[in-house]
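*Asks:* fold the following for me, if possible:
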Amino acid sequence: MKRNMLGNSDLEVTDLCLGSMTWGTQTPEAGGHAQIDRALDAGINFIDTAEMYPVNPVRDETVGLTEQIIGNWIGRTGRRNDFVLATKMSGAGRASVRGGRGIQPGDLEEALDGSLKRLQTDMIDIYQFHWPNRGSYHFRQNWSYDPSGQNRAQTEDHMVAVLEKLAEMRAKGKIRHFGLSNETAWGTCEWLRLARLTGAPEVISIQNEYSLLCRLYDTDLAELSVNENVGLLAFSPLGAGLLSGKYQNGAIPDGSRRAISEGIGGRWGDRTAVAVDAYLAVARKHDLDPVQMALAWCCTRPFMGSAIFGATTMDQLDHILAGKDLVLSDDVLTDITETHKAHPMPY
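*Replies:* The predicted structure is shown next:
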């Protein structure tokens, strides 16, 4: 399996990353532990989580449970050094996490210590901010995104104060590196600029949604990634399961994400179904599995650090791992490009 260096760090991660956001809701603890074992055995060396997980659905009483599940595995096996571990501090708005205050310098160490305790480790490899306090255009908010109410001076003051705290946490050995999530090109540039001015940890990765169906990253953020050496950690690279084809023709499998949230976070609609049909046709034409094709395509992108996939069951995980070394031909890539031109922005 290919490995990529993230930013200017010493972290080398596999181009596939094991996501964990359903562990504790759709996936029980034993299933999460089995997935870690299987993924590490297959060569994956990267696991991503967040303090607010699990999702599907998000409930106040389960916040932090996914980190706890991973921590129980670490405590039982002692294999903390066998993988790169990333987690995320929640942004503003979720009342069950520090009263919804979000990313504040005064709360950062408390949030980090909570994650460290649940994960049963003394250090996080990549500590990420889940979404910016100032707002985000991700999760279909791009259709009405309006940054005109932002106050640049306040934003910069906040970033500097947070960066100072991150530098303190790094000096204490609690984090190694810093990453963003659900960010913009301007926001990332500001974090980079201010870190360089203050000597604070620089951004090494951005965890944004990216798949054959969601390619907002392809323009300004792609240029930023390449020129500033900040890798994309792509979440939902299978379009929240849409690219498997399992929801076509009105199907809603029992226990699936669509059975819990029919619109799948605003992703499902007539245009989505047509676009998925087109990508399924590309896979059939080239005798490829559509799930494996979608992940392999993500790994071809010049800005990709790692594609974070989730698996509710071991069968799904084995299906993905069977294609971990798939390399797509030029003909496949050409057909994917033409399909994207015909079906841009389906949601």
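*Asks:* mind listing what's buried along the one helix or strand in the chain whose mean pLDDT sits lowest?
*Replies:* Sorting the helices and strands of the chain by mean pLDDT, DSSP states H and E puts helix 257-260 at the bottom, at a mean of 90. Buried positions in helix 257-260, judged by neighbour count with 16 or more other CB atoms under 10 Å: 257-258. Every residue, glycine included, has its C-beta placed from N, CA and C.
*Asks:* find the centremost residue of the chain, please.
*Replies:* Nearest residue to the geometric centre of the chain (CA atoms, centre = their mean): Phe235, 3.5 Å.
*Asks:* skipping its backbone neighbours, what lies nearest that residue in space?
*Replies:* Excluding its sequence neighbours, the residue lying closest to Phe235 (CB to CB, 6 or more residues apart in numbering) is Ile308, at 5.0 Å.
*Asks:* just Ala234 next, same as before
*Replies:* Per CB to CB, 6+ apart, closest to Ala234 is Tyr210, 3.8 Å.
*Asks:* where in the stretch 101-250 of the chain is pLDDT low?
*Replies:* In the prediction, the stretch 101-250 of the chain carries no residues with pLDDT under 70.
*Asks:* just the helices in it please.
*Replies:* 105-119, 152-171, 185-198, 220-228 (DSSP state H, counting those that start in this stretch).
*Asks:* for Asn8, which of the ones you listed is the nearest?
*Replies:* Taking CB to CB as the measure, those were each checked against Asn8, and helix 220-228 came out nearest at 9.5 Å.
*Asks:* what residues sit buried inside the closest one?
*Replies:* Within helix 220-228, the residues scored as buried using 16+ other CB under 10 Å are 221-222, 224-225, 228.
*Asks:* between the residues you listed, which is nearest Phe139?
*Replies:* Nearest to Phe139 among the buried residues of helix 220-228, with distances taken as CB to CB, is Leu221, at 15.8 Å.
*Asks:* mind checking how far that closest one is from Gly263?
*Replies:* 25 Å (CB to CB, to the nearest Å).
*Asks:* picking that back up, wait, which of the helices of the stretch 101-250 of the chain is closest to Arg59?
*Replies:* helix 105-119 (16.3 Å).
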